[in-house]
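1. Provide a 3D model corresponding to the input given below.
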Amino acid sequence: MKHLIPAAIAAILLAPAASAATFTGTWGVSGSALADPGLVVRTSAPGGFSFDLADGQTTSFDLFRIWTDEGDVGADDTAPRALDVAFYLGSASGTLGGTTRGHGGFFQWGSVDWSAPLLLDVGSGVLSIALQNATFNGGVLGLWDGAKHGADVSASFSYAERAPAPVPLPAGFGLIALGMGALGLASRRRQPA
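-> As a prediction, this is how the structure comes out:
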């Protein structure tokens, strides 16, 4: 018995750390912001991504570029328009919604604001995806149009593993423990003092 306790402690201390999970997927953009009426925006082509994350880790990178080819903000351009980014990661998929609009006046610009992060169930845990708000094509008395005056939209991916489910004890485990305790107590009484 004396030798079992140190071995059990060593097994716990030397257990391998949780390994990182690999996430591979693609994304695409859709929504009413891509066509008239309103401030028409363009984005860089859809693409893919791949990265590794362990429990509690986050990674961020530029996902795509957003811009407008319009030269100024008209009355119809200030109305909010929908811009959605769909993510596909094997069996997990979901869409993160956003809103674009133009801002007029002496200084003019376009903006995109994103909703709350998207939470995807990825089997062993939850992957949270958040997109960064951005302003683009800012100008004076008009917009500086084109992709070069656009903005990069950054994505942050955070991973949280699920706690392992508790292992149910056999129905008779309580009786076994009670019996073992009674045997220990009985053997202790028989030992000379």
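
2. in this protein, which spans are helices?
-> Ranges of helices in the chain, per DSSP state H, are 4-13, 173-190.

3. rank the ones you listed by pLDDT, which is bottom?
-> With a mean of 46, helix 4-13 has the lowest mean pLDDT of those.

4. How about the residue nearest the centre of the chain, nearest residue that isn't a chain neighbour?
-> The chain has residue 128 as the residue nearest its centroid, 1.9 Å off, counting by Cα atoms, centre = their mean. In space, and not counting its chain neighbours, residue 128 is closest to residue 158: 4.4 Å by Cβ to Cβ, 6 or more residues apart in numbering. Placement of C-beta: from N, CA and C, glycine included.

5. which residues touch the one you found?
-> 53, 57, 58, 127, 128, 130 (Cβ atoms under 8 Å, 6 or more residues apart in numbering).

6. neighbour-wise, which of these leads?
-> residue 127 (23 neighbours; other Cβ atoms under 10 Å).

7. Give me the nearest residue to residue 58, chain neighbours excluded.
-> Distance criterion Cβ to Cβ, 6+ apart; nearest residue to residue 58, sequence neighbours excluded, is residue 158 at 4.3 Å.

8. Go ahead and confirm residue 119 touches residue 130.
-> No: applying Cβ atoms under 8 Å as the test, residue 119 and residue 130 come out as separate, 10.1 Å apart.

9. What spatial separation is found between the residue nearest to residue 37 when sequence neighbours are not counted and residue 98?
-> Excluding the flanking residues, the one nearest residue 37 by Cβ to Cβ, 6+ apart is residue 76, at 4.6 Å. Remark: distance between residue 76 and residue 98 (Cβ to Cβ, to the nearest Å) = 19 Å.
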